[in-house]
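S.K.: next input, structure requested:
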Amino acid sequence: MYFTSGRHWAALFDALHMTGDLAVIIAARTPILARAAMSPQHGIDPEILAMASEKVVALLEGAVAAQQGMLRLAASALTGESLQTLLRRTEAIGLAASRPARRRVRANARRLRATL
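M.R.: Residues are numbered from 1 along each chain as shown. Next up is the predicted model:
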């Protein structure tokens, strides 16, 4: 029997909310990147360094969370958990992997919204 868990809907609405936050971030950062491209002699804006480093950190945090979820999934499969439990653990892997990026996008949108 196919079911849609509440976490599935929460992830969908998080993704939809994140698209609005991404629009704010792009609108705020595009002038910064354009200014850096037009006049490189002024040095690198700290926002450019922050946006580059936060992506690497979010990627690593998401990868570690996904690996932990994969270990839980493998342990559940080896112990004979039900299919429903295995499906929930699979869903949890995706949510855990994307959580650091969603958290940073939300924080950046809040911070950059004040500059627009």
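S.K.: can we go C-alpha only for contacts and neighbour counts from here?
M.R.: Will do.
S.K.: show me where the chain dips below the pLDDT cut-off.
M.R.: For the chain, the stretches flagged by pLDDT under 70 are 1-5.
S.K.: mind pulling up the phi and psi values for S82?
M.R.: Reported as degrees, to the nearest 10, the phi and psi values for S82 are phi -70, psi 160.
S.K.: how close does it get to A63?
M.R.: Look at S82 and A63: by CA to CA, to the nearest Å, they are 26 Å apart.
S.K.: the more surrounded of those two?
M.R.: Neighbours were counted for S82 and for A63 using other CA atoms under 10 Å; A63 has more, 17 against 10.
S.K.: any idea which element that one lies in?
M.R.: helix 46-78 (DSSP states H and E).
S.K.: buried set for that helix?
M.R.: The neighbour-count check on helix 46-78 (16 or more other CA atoms under 10 Å) flags 58-59, 61-63, 65-66, 69-70, 72-73, 76 as buried.
S.K.: what of stretch 106-116?
M.R.: Buried residues in stretch 106-116, counted by 16+ other CA under 10 Å: 106, 108-109, 112.
S.K.: next: stretch 81-92.
M.R.: Those would be 86, 89-92, for stretch 81-92 by 16+ other CA under 10 Å.
S.K.: inside strands: which ones of the residues you listed?
M.R.: Applying DSSP state E to the buried residues of stretch 81-92, no entry is found in strands.
S.K.: for these, which one is nearest E47?
M.R.: A92 (32.0 Å; CA to CA).
S.K.: that closest one and M70 touch, don't they?
M.R.: No. With contact defined as CA atoms under 8 Å, A92 does not count as touching M70 (9.5 Å).
S.K.: TSV for the buried residues of helix 46-78, including distance to H42?
M.R.: Below are the buried residues of helix 46-78 laid out as TSV (distance: CA to CA, whole Å):
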residue	distance to H42
A58	29
L59	30
E61	33
G62	34
A63	36
A65	39
A66	40
G69	45
M70	46
R72	49
L73	50
S76	55
